[in-house]
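In: give me a model of this one.
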Amino acid sequence: MHRDNQSVLLDVQVVGTRVALSEAYHVKRNKYLISDLLKQNNPNSSAVVAAVTLSYRGTWASGSVAALIDVGLGRHDLKMMTIRCLQGDLRAFQVHQKTTAMRPRHL
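Out: As a prediction, this is how the structure comes out:
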């Protein structure tokens, strides 16, 4: 994504509840903060790097919200993205339930 002579790199991840959102956000973001890598991608512009981190329950990492608002998304967009994430999670659970057989108990 390019904006005003800048390259914008957004890496999206959905995490579980065992990982702190802020920690997952910073680990993902730090993967891209290598200056040689950023210059190689687009040498004629500066790069903005952000991780978009959301829990499977619909909670956003605060850095992700700030980054998405900075690139032009609004609160309505964030709300819709949250709903789509939750719908995907529900669908994955339904597929899991339909395709996983329980082993019968032996008395």
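In: could you point out which element follows the lowest-mean-pLDDT helix or strand in the chain?
Out: Ranked by mean pLDDT, DSSP states H and E, the weakest helix or strand in the chain is strand 2-3, scoring a mean of 55. Going down the chain from strand 2-3, the next helix or strand is strand 6-15, by DSSP states H and E.
In: by how many degrees do the longest helix along the chain and strand 6-15 diverge?
Out: For the chain, the helix with the greatest residue count under DSSP state H is helix 75-99. Counting by axes from the mean of the first three to the mean of the last three CA atoms, to 10 degrees, helix 75-99 points 40 degrees away from the direction of strand 6-15.
In: what's helix 75-99 packed up against?
Out: strand 46-55, helix 62-70 (3 or more CB pairs under 8 Å, 6 or more residues apart in numbering; DSSP states H and E). Backbone N, C-alpha and C define where each C-beta goes, glycine included.
In: deepest-packed of those, please.
Out: Most buried of the helices and strands packed on helix 75-99, by mean neighbour count (mean count of other CB atoms under 10 Å): strand 46-55, with a mean of 20.
In: pull the residues that contact that one.
Out: Outside of strand 46-55, the residues within contact range by CB atoms under 8 Å, 6 or more residues apart in numbering are 5-17, 21, 24-26, 28-29, 32-33, 38, 41, 60-61, 63-64, 67-68, 70-71, 81-82, 85.
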